[in-house]
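Novice: model the structure of this input:
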Amino acid sequence: MTKDMVTETLEDLRARTGLASKFAWLMVSGMTAMCYREKGEATLVEIWRRLLTGEQKDRFLAALDKLEIRDNPPAVTAALYHYFSNSIGGLNMQVVVESPRKAWIRYMAPWGSYPGIAALAVPHAVRRTILSTWHPRNGELLGCPRLGWVATKFVSEGHPYDEGYFYEYDHDLSPAERFRVEHVEKTPEFLPEAAPKLNPETWPEARILKGGYNYGVDYVRHVIAILYELLGVNAATDIIRAAMRLLAAQFTKDLAATTGHSGTDALSVLQMFAALFAAFRNDVTVEGDSRHAVLRLQGFNPFTDAAAPELRAAVYEFFAMAVRQQNGHLRLERAPLTADGSEVWTLSDAGEWLW
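Specialist: Residues are numbered from 1 along each chain as shown. Presented below is the predicted three-dimensional model:
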């Protein structure tokens with residue numbers, strides 16, 4: 001399994017990007033949830049504020065031409081951007097264009113971040129931050145000072161989905177007027193057959209799958225960068241290390257099944273690891289047998305292209321814990337980085353219970 005995936009079939013692409021997106025969102029959720037546990041609500045809210053500000057700066061304007069939506073009225077352009085970009089990223093979205101000046105979007109449950117029952121522990125402030133950080137700036141970025149964003153529903157506050165609408169007013173808005181909350185009990189119905197569609201000629205399935213993959217990778221990288229900015233290298237790696245251990249304890253069996261490598265011998269476990277790394281287009285090989293196998297890894301996506309030793313060690317804790325989840329007789333050893341930046345991991349059956 002290598003970076004060179006020129007011959008990748010559409011079926012292979014679906015499987016690879018599906019695995020990558022699943023693992024990426026588990027990592028984003030795990031790292032931010034661990035930061036919430038250890039550092040509190042204010043830090044979690046600040047992470048999401050910075051995360052969305054950074055994503056907007058990198059994505060918004062360039063995407064208008066890619067998505068072929070620039071020529072719509074500002075409210076419609078803004079709504080279609082969020083609808084299409086988040087749909088490509090794997091979110092379940094709805095859009096309703098009520099008029100040229102008013103367009104609704106909905107983020108349907110379940111959330112991509114904080115899967116399962118974890119969503120119940122997320123404070124209200126996070127969803128309000130997410131829906132008040134990016135969306136109100138759309139008018140500014142589109143050069144339309146009359147465009148505002150109104151949030152109308154929040155899942156975390158008991159509604160069926162996160163919802164709001166973009167509206168172009170008759171006057172310019174001050175920064176404080178660009179966002180407001182207005183509870184609206186009954187809102188327009190989404191009709192899938194009438195919903196705008198991406199151009200199938202410029203957006204074939206393969207491009208959508210690759211776009212969803214990039215979406216997840218970007219979020220992992222930005223979360224890690226923000227943790228370093230906010231907490232410094234020592235506290236950030238402590239958070240990442242703890243998150244990786246718990247993610248492995250909770251999700252190893254599920255990820256192993258998804259990769260198709262559920263075996264518990266040395267070769268099978270390293271094949272599962274290789275599938276995870278290959279899903280992010282790292283160059284990785286595995287050789288050996290059921291009692292002794294070796295993994296060679298070049299690259300460290302999605303974490304970074306040139307990960308610091310502290311970050312590599314923190315992420316490695318996922319795999320060390322995954323080994324323990326799969327087979328308590330296996331010993332994992334990680335050699336120092338080689339001159340070309342490669343890693344070599346050796347997994348051996350000790351023939352006895354190690355823990």
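
Novice: just give me the neighbour total for residue 253.
Specialist: By other CB atoms under 10 Å, the residues close to residue 253 number 12. Every C-beta, even on glycine, is put in place using the N, C-alpha and C of the backbone.

Novice: what's the spacing between residue 104 and residue 276?
Specialist: Residue 104 sits 38 Å away from residue 276, going by CB to CB, to the nearest Å.

Novice: neighbouring contacts of stretch 239-249?
Specialist: 26-27, 30-31, 33-35, 38-39, 224, 227, 231, 311, 313-322, 325 (CB atoms under 8 Å, 6 or more residues apart in numbering).

Novice: quick check: PyMOL command selecting the buried ones in those.
Specialist: A single PyMOL command selects the buried members of the contacts of stretch 239-249 (16 or more other CB atoms under 10 Å):
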select buried, resi 26+27+30+31+33+34+35+39+224+227+231+311+314+315+316+317+318+319+321+322+325
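
Novice: low-confidence ranges, this protein, go.
Specialist: 1-6, 55, 57-58, 305-307 (pLDDT under 70).

Novice: show me where it has its strands.
Specialist: 93-99, 102-108, 147-153, 161-168, 179-181, 283-288, 292-298, 330-334, 343-349 (DSSP state E).

Novice: packing partners for the fifth one?
Specialist: Yep, that's strand 179-181 we're talking about. The contact analysis (3 or more CB pairs under 8 Å, 6 or more residues apart in numbering; DSSP states H and E) places strand 179-181 against strand 147-153.

Novice: let's go with 10 Å and repeat that
Specialist: helix 124-133, strand 147-153, strand 161-168 (3 or more CB pairs under 10 Å, 6 or more residues apart in numbering; DSSP states H and E).

Novice: can I get these in JSON lines including mean neighbour count and distance to residue 219?
Specialist: Formatted as JSON lines, the helices and strands packed on strand 179-181 follow (neighbours: other CB atoms under 10 Å; distance: least, CB to CB, whole Å):
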{"stretch": "helix 124-133", "mean neighbour count": "19", "distance to residue 219": "12"}
{"stretch": "strand 147-153", "mean neighbour count": "22", "distance to residue 219": "21"}
{"stretch": "strand 161-168", "mean neighbour count": "23", "distance to residue 219": "17"}
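
Novice: got a markdown table for these, with distance to residue 51 too?
Specialist: A markdown table is the format used below for those (distance: least, CB to CB, whole Å):
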| stretch | distance to residue 51 |
| --- | --- |
| helix 124-133 | 9 |
| strand 147-153 | 18 |
| strand 161-168 | 16 |
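
Novice: the ones you listed: which one's closest to residue 195?
Specialist: strand 161-168 (15.3 Å; CB to CB).

Novice: how distant is that closest one from the center of its chain?
Specialist: 23 Å (CA atoms, centre = their mean, to the nearest Å).

Novice: and it, what other elements does it pack with?
Specialist: Applying 3+ CB pairs under 10 Å, 6+ apart, we find strand 161-168 packed against helix 74-88, strand 93-99, strand 102-108, helix 124-133, helix 138-142, strand 147-153, strand 179-181.

Novice: direction included, what does the shortest one pair against?
Specialist: By that I understand strand 179-181. In the sheet, strand 179-181 lines up against strand 147-153 (parallel) (DSSP bridges).

Novice: wait, residue 345 touches residue 316, no?
Specialist: Yes. Taking CB atoms under 10 Å as the definition, residue 345 is a contact partner of residue 316 at 8.6 Å.

Novice: shared neighbours, the two?
Specialist: Common neighbours of residue 345 and residue 316, counting by CB atoms under 10 Å, 6 or more residues apart in numbering, are 332, 334.

Novice: filter the contacts of stretch 239-249 down to the ones in helices?
Specialist: Among the contacts of stretch 239-249, the members falling in helices (DSSP state H) are 26-27, 30-31, 33-35, 38-39, 224, 227, 231, 311, 313-322, 325.

Novice: just give the number of residues close to the closest residue to residue 144 other than its chain neighbours.
Specialist: Nearest residue to residue 144, sequence neighbours excluded (CB to CB, 6 or more residues apart in numbering): residue 74, at 4.0 Å. By the criterion of other CB under 10 Å, residue 74 has 22 neighbours.

Novice: ok, residue 74 - contacts?
Specialist: By CB under 10 Å, 6+ apart, the neighbours of residue 74 are 100-101, 103, 138-139, 141-147, 166-168.

Novice: can you say which of the residues you listed are buried?
Specialist: Applying 16+ other CB under 10 Å to the contacts of residue 74 flags 101, 103, 138-139, 141-142, 144-147, 166-168 as buried.

Novice: my read: residue 144 touches residue 167, true?
Specialist: No. Using CB under 10 Å, residue 144 is not in contact with residue 167, being 11.1 Å away.

Novice: reformat the buried ones among the contacts of residue 74 as TSV; add distance to residue 176.
Specialist: Output for those, formatted as TSV (distance: CB to CB, whole Å):
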residue	distance to residue 176
101	21
103	22
138	16
139	13
141	18
142	19
144	17
145	13
146	15
147	15
166	17
167	16
168	18
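
Novice: what do residue 144 and residue 167 both touch?
Specialist: Joint contacts of residue 144 and residue 167 (CB under 10 Å, 6+ apart) are 74, 75, 78, 173.

Novice: going by distance to residue 219, which of these wins?
Specialist: Nearest to residue 219 among those, with distances taken as CB to CB, is residue 78, at 20.9 Å.

Novice: from residue 18, how far off is the residue nearest the centre of the chain?
Specialist: When CA atoms, centre = their mean is applied to the chain, the residue found nearest the centroid is residue 216 (3.5 Å). Per CB to CB, residue 216 is found 10 Å from residue 18.
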